[in-house]
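Participant: Provided below are the primary sequence and the corresponding predicted coordinates.
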Amino acid sequence: MAITPPERRIWWNEPIHGLELGWIVIAFLWGLFMFFFMIAWHFIGQQNLSTETYRIQPSAYEAKVEAFAEQYKIGEEEGVPVVRPPAGEDAYLLARLWEWWPIIELKKGQSYRIHLSSADWQHGFSLQPTNINIQVHPGYEHVVTLTPTETGDFGIICNEFCGIGHHQMTGRIRVTE
Ligand SMILES: [Cu+2]
């Protein structure tokens, strides 16, 4: 009975039952296997995040995104610029209360360096309908290399709760032929 006091005062120094010891060894070895497999996944996994991250002032990042949008703007949708960077170039996305800005247009089969950062709070970059999720923090600029394999409109939603307008925090990446 677990709620009665142990029979002997030095209860923790009893010999361990063979079965229990067996399970402890199995759990320990499994833990070690999983630990080293984190490294293995980096080489055999298909969805590794880039480890390229820089520190940046949120206002400096905001200025970079604005300059990028200004330079490659090709149109506007509901007041949001549609920006088409040259193939193979850097593309900048800004998370802020409460939008992903601007709309980026990419070409299928070309690789781009997508920069992500926040102007204010923590946000989550979730690319729909694919399974790509990245936490986005103010002060840190992530660079992710992305090569679109399908054409169409991909939605971006914020998946870190960021206040009253969180559910409206959306954006778009468009992929053309
Ligand atoms: Cu958000």
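Facilitator: Now that the structure is in, tell me what you want to look at. Numbering: from 1, shown residues only.

Participant: can you list the weak-confidence ranges in the protein?
Facilitator: Low-confidence segments of the chain, defined by pLDDT under 70, span residues 1, 46-50.

Participant: Return the residues of it in contact with the ion.
Facilitator: For the chain, the residues in contact with the ion (CB under 5 Å from the ion) are 123, 158, 162, 169. All C-beta spots, glycine's among them, are computed from the backbone N, C-alpha and C.

Participant: Tabulate those (TSV), appending neighbour count and secondary structure.
Facilitator: Output for the residues of the chain next to the ion, formatted as TSV (neighbours: other CB atoms under 10 Å; DSSP: H, G, I helix; E, B strand; the rest coil):
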residue	neighbour count	secondary structure
His123	31	strand
Cys158	27	strand
Cys162	21	coil
Met169	22	coil
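
Participant: contacting residues for Tyr112?
Facilitator: Contacts of Tyr112 were listed using CB atoms under 8 Å, 6 or more residues apart in numbering, and they are 85, 87-91, 106, 145-147.

Participant: Contacts only, for Thr134.
Facilitator: Careful, residue 134 is Ile and not Thr. 49, 116, 124-125, 142, 144 are the contacts of Ile134 under CB under 8 Å, 6+ apart.

Participant: before we move on, which element is it in?
Facilitator: Ile134 is part of strand 132-136, with elements assigned from DSSP states H and E.

Participant: what comes up buried for that strand?
Facilitator: 134, 136 (16 or more other CB atoms under 10 Å).

Participant: For it, which strands pair with it and how are they oriented?
Facilitator: Paired neighbours of strand 132-136 in the sheet (DSSP bridges): strand 123-128 (antiparallel).

Participant: How far away from the center of its chain is the partner strand?
Facilitator: 7 Å (CA atoms, centre = their mean, to the nearest Å).

Participant: Please apply the same query to stretch 154-164.
Facilitator: That offset, for stretch 154-164, works out to 12 Å (CA atoms, centre = their mean).
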